[in-house]
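Engineer: pasting the structure only:
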């Protein structure tokens, strides 16, 4: 699944990942290491830097109640925070994307392909995120899933449907 062309923010984050993954200490990381955290964080930031996010049906209904105009571009912070009913969720968890990156030749093109195959950030309701956790799918994909399969498979597994609408975003990345 290839999305739109990378924007400058995504390109910069991919360059950072490419440089970092060239270090043997990062490639041979222990799962609990600071390097692991940094790689996962940059993967998450790469997807968050996209100019739009998918929206679940549940989140769309809540946005409609709040009379949010989806034709406008909204700051990422508008829907982010513990006091909000929404969460920005990564269809393929960063740890799975990280593991797939380590299986590649770590070329710029391979890294870009993996990152773009991870799916687009999705605006979910916090209750939908709870569904993923309860199904033990918050950090893994469903059994039998392979990288390159539908990145939204976790959502389908627990009955979360995408609306087909997108939230256009701008401003600082929220993580």
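Structural biologist: Received the coordinates, thanks. Quick caveat: nothing in here was measured; it's all calculated off a predicted structure. Numbering: from 1, shown residues only.

Engineer: look up how far residue 149 lies from residue 67.
Structural biologist: 37 Å (CB to CB, to the nearest Å). In this view, the C-beta of every residue, glycine as well, is placed from N, C-alpha and C.

Engineer: what about the two, which has more around it?
Structural biologist: The residue with more neighbours, out of residue 67 and residue 149, is residue 149; 14 against 6, by other CB atoms under 10 Å.

Engineer: and that one, what helix or strand is that in?
Structural biologist: Using DSSP states H and E, residue 149 sits within no helix or strand.

Engineer: which pLDDT does the model give it?
Structural biologist: The score at residue 149 is 95. That number is its pLDDT.

Engineer: what of the one 3 residues further on?
Structural biologist: The pLDDT attached to residue 152 in the predicted structure is 97.

Engineer: residue contacts, it?
Structural biologist: Residue 152 makes contacts with 54, 91, 119, 122, 162, as judged by CB atoms under 8 Å, 6 or more residues apart in numbering.

Engineer: beta partners for the first one?
Structural biologist: To tie it back to what came earlier, the one meant is residue 54. residue 122, residue 166 (DSSP bridges).

Engineer: which element follows the lowest-mean-pLDDT helix or strand in the chain toward the C-terminus?
Structural biologist: When the helices and strands of the chain are scored by mean pLDDT, DSSP states H and E, helix 24-27 comes last with a mean of 77. Under the assignment DSSP H and E, the closest C-terminal helix or strand after helix 24-27 is helix 34-48.
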